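Undergrad: The sequence and its predicted three-dimensional model are supplied below.
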Amino acid sequence: MQYISTRGGMQPLPYCETLLEGLAPDGGLAVPETMPTVDGETLERWRALTYPQLATEVLGLFATDIPRADLARMTEAAYKPFPEAVVPLRSIDDELTLVGLSEGPTLAFKDMAMQFLGQVVEYALERKGSTLNILGATSGDTGSAAEHALRGKDRISVFMLSPKGRMSAFQRAQMFSLDDDNIHNIVIDGVFDDCQNLVKALAGDLEFKRTQNLGAVNSINLARITAQVVYYFWAWLRATDAGGWTEVSFTVPSGNFGNILSGFFAKQMGLPIRRLVLAANENNVLDEFFRTGVYRPRSAAQTLATSSPSMDISKASNLERFIFELVGRDASRVVSAWNDLDTQGHFDFTADLARFVDEFGIVSGTSTHDDRLATIASVYETTGDIIDPHTADGVKVAREYVEPGVPMLVLETAKPQKFAETIRTAIGVELEYSPELRAMLDAPQRTTEMADDERELRAFIEAHALR
């Protein structure tokens, strides 16, 4: 399996080389040269597998340059920190089932991919005899998941940008309390999109990227996308264990389009998915795009700080991979669309609007702060289950798209403990923390504060990067 760029300017590369690249040299994103497919017989054979075994099978379709025994060892190690039920499913009413993706070490769905990413990046670097300086941006959960997966690794340093004052206290503590020498938390005076723009600017400077050995762990990294594909297969298998070729729908809280893109890949591979429901918060640029066909990112000043902060994003990096498929894999049309974005502030695919649902099965909706509070309260009142605000966005929008006879699976994004203030407001409950989590919250925090300044960031990386 080889990988190409959405913008057509990268020679095909194998999996391990692609995941070390991050952003493609031409500014595009890596996608499979040909999407692998899975038939019904294979799906049935996979029912008996454990989660690490399933991950080996699914990832083996993408990472064909890694010997199967090595891949199996890495998936086993990646999911060892999880409980035995790595991804449990639980019904919250007769219509909706939550897919439990927050059982990992940082209590968020990002662990599902990051724990594997930590294994495979280290493997690729050892095989190549090189080092990597990870440059990433986080709106909340990506940073902590990446840092906990990569902390203490000899060949890797992490430079993680986060927006000042935009994350929950728990999210800040998970990142900023780490004191490993290879972890650098850089707090930017701006919003997530400013952090993401800095990452793209430095990753797009090919000379700087090469001399500083820069890589990425944001969802632009192909390993993250492919590792997330696994839990769509797992959830479908568990939801249809009674037998039969049953379609299901998935609702995905989404800001950067990475999580739902993995579901889109799974659907392309042949998994019987009827609908992929995108749930946005008030920063609903993606909902507007899938409803109107016009993609119009907002400025930093227009990006709202909400009670589901991990989705406070107005420029969705992974949308480019969907557009690549929408235009029939014509890289020139992708380049043209992003030129329009740069010059006009938007691009227009209204002519393809009907295809979003008819061909790709993607629909969308928006949830607000009041919706989140009401949804958290209603789920708690009927089930005693407490869900986090991002999952509440998903549940709210999922209810708008339930169809008779089609199971609706909502991807859980995090444990509620990460958003205690919103939970307290919604249901008046003070969440309990283990002694380990309490110690983390009380620990000293270590950060470097920085203006939204590319030159200052460059200088910091040059001074602290691994060589």
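TA: Received the coordinates, thanks.

Undergrad: Skip the chain neighbours and tell me the closest residue to Glu33.
TA: Gln2 (4.6 Å; CB to CB, 6 or more residues apart in numbering). Quick note: C-beta positions are derived from backbone N, CA and C, even for glycine.

Undergrad: I misspoke; the intended subject was Phe289.
TA: Distance criterion CB to CB, 6+ apart; nearest residue to Phe289, sequence neighbours excluded, is Tyr295 at 4.3 Å.

Undergrad: what pLDDT does Gly345 get?
TA: For Gly345, the pLDDT comes out at 96.

Undergrad: Quick check: phi and psi on it?
TA: Dihedral angles phi and psi of Gly345 (degrees, to the nearest 10) take the values phi 90, psi 10.

Undergrad: residues in contact with the residue nearest to Glu33?
TA: When contacts are counted by CB atoms under 8 Å, 6 or more residues apart in numbering, Gln2 touches 12-14, 32-33.

Undergrad: nearest to Ser91, of these?
TA: Using CB to CB, Pro32 comes nearest to Ser91 of the contacts of Gln2, at 34.0 Å.

Undergrad: now the closest one: how far from Ile273?
TA: 18 Å (CB to CB, to the nearest Å).

Undergrad: cool, and Leu107?
TA: As judged by CB to CB, Leu107 and Ile273 stand 27 Å apart.

Undergrad: Which one of these two is surrounded by more residues?
TA: The residue with more neighbours, out of Leu107 and Ile273, is Leu107; 23 against 20, by other CB atoms under 10 Å.

Undergrad: Pull the contacting residues for that one.
TA: Going by CB under 8 Å, 6+ apart, Leu107 touches 414-415, 417-418.

Undergrad: just to revisit the earlier point, please report phi then psi for the residue nearest to Glu33.
TA: phi -110, psi 160.

Undergrad: per-residue confidence for it?
TA: So, for Gln2, pLDDT stands at 97.

Undergrad: repeat for Gln171
TA: pLDDT recorded at Gln171 is 89.

Undergrad: Secondary structure element for it, which one?
TA: Under the criterion of DSSP states H and E, Gln171 resides in helix 169-176.

Undergrad: coming back round to it: which pair in the contacts of Leu107 spans the largest distance?
TA: Greatest spatial distance among the contacts of Leu107 (CB to CB): Ala414 and Gln417, at 8.5 Å.

Undergrad: which of the residues in stretch 280-295 are buried?
TA: Residues 280-290, 293, 295 are the ones in stretch 280-295 that count as buried (16 or more other CB atoms under 10 Å).

Undergrad: related to what we said a few turns ago, need the contact partners of the helix holding Gln171.
TA: Applying CB under 8 Å, 6+ apart, the contact partners of helix 169-176 are 106, 138, 140-141, 143-144, 147-148, 160, 162, 185, 309-310, 417-421, 440-441, 443, 445-447.

Undergrad: Quick one, which of those are buried?
TA: Using 16+ other CB under 10 Å, the buried members of the contacts of helix 169-176 are 106, 138, 140-141, 143-144, 147-148, 160, 162, 185, 309-310, 417-420, 440-441.

Undergrad: Among those, name the ones in strands.
TA: Judged by DSSP state E, the buried ones among the contacts of helix 169-176 include 160, 162, 185 as members of strands.

Undergrad: Next up, the contacts around the first one.
TA: Residues in contact with Met160 (CB under 8 Å, 6+ apart) are 134, 136-138, 143, 146-147, 175, 183-186.

Undergrad: what does the model give it for pLDDT?
TA: So Met160 comes in at 96 (pLDDT).

Undergrad: Which residue comes closest to it once chain neighbours are left out?
TA: Counting by CB to CB, 6+ apart, Met160 lies nearest to Gly143, which is 4.5 Å off, once chain neighbours are set aside.

Undergrad: where's the one you found relative to Ser177, distance?
TA: Taken as CB to CB, the span from Gly143 to Ser177 is 12 Å.

Undergrad: before we move on, what about Pro163?
TA: On the measure of CB to CB, Pro163 and Ser177 end up 18 Å apart.

Undergrad: Compare the two and say which one has the larger neighbour count.
TA: Pro163 (26 against 17).

Undergrad: So that one is in contact with Ile186, correct?
TA: No. Between Pro163 and Ile186 there is no contact under CB atoms under 8 Å: 10.7 Å.

Undergrad: circling back to that earlier point, quick check: the residue nearest to Met160 touching Phe159?
TA: No. Counting by CB under 8 Å, no contact exists between Gly143 and Phe159, whose distance comes to 10.5 Å.

Undergrad: count of neighbours near Gly405?
TA: Neighbour number of Gly405 under other CB under 10 Å is 7.

Undergrad: give the contact list for it.
TA: Gly405 sits in contact with no residue, where contact means CB under 8 Å, 6+ apart.

Undergrad: Quick check: it vs Leu271, distance?
TA: Gly405 is 18 Å from Leu271, by CB to CB.

Undergrad: Kindly report the same for Val187.
TA: 39 Å.

Undergrad: ditto for Val121
TA: From Val121 across to Leu271, the span is 27 Å (CB to CB).

Undergrad: Which one of these two is surrounded by more residues?
TA: Set Val121 next to Leu271 and count neighbours by other CB under 10 Å: Val121 wins out with 24 against 21.

Undergrad: just checking, what packs against the helix or strand where the more buried one lies?
TA: Here Val121, judged by DSSP H and E, is contained in helix 110-128. In terms of contacts (3 or more CB pairs under 8 Å, 6 or more residues apart in numbering; DSSP states H and E), helix 110-128 is packed against helix 15-21, helix 68-78, helix 141-150, strand 156-163, helix 222-239.

Undergrad: now, of these, which is deepest in the fold?
TA: Burial of the helices and strands packed on helix 110-128 is given as mean neighbour count (mean count of other CB atoms under 10 Å); helix 141-150 ranks first at a mean of 27.

Undergrad: tell me the average confidence for it?
TA: pLDDT averaged over helix 141-150 gives 88.

Undergrad: got it, and stretch 63-77?
TA: The model assigns stretch 63-77 a mean pLDDT of 98.
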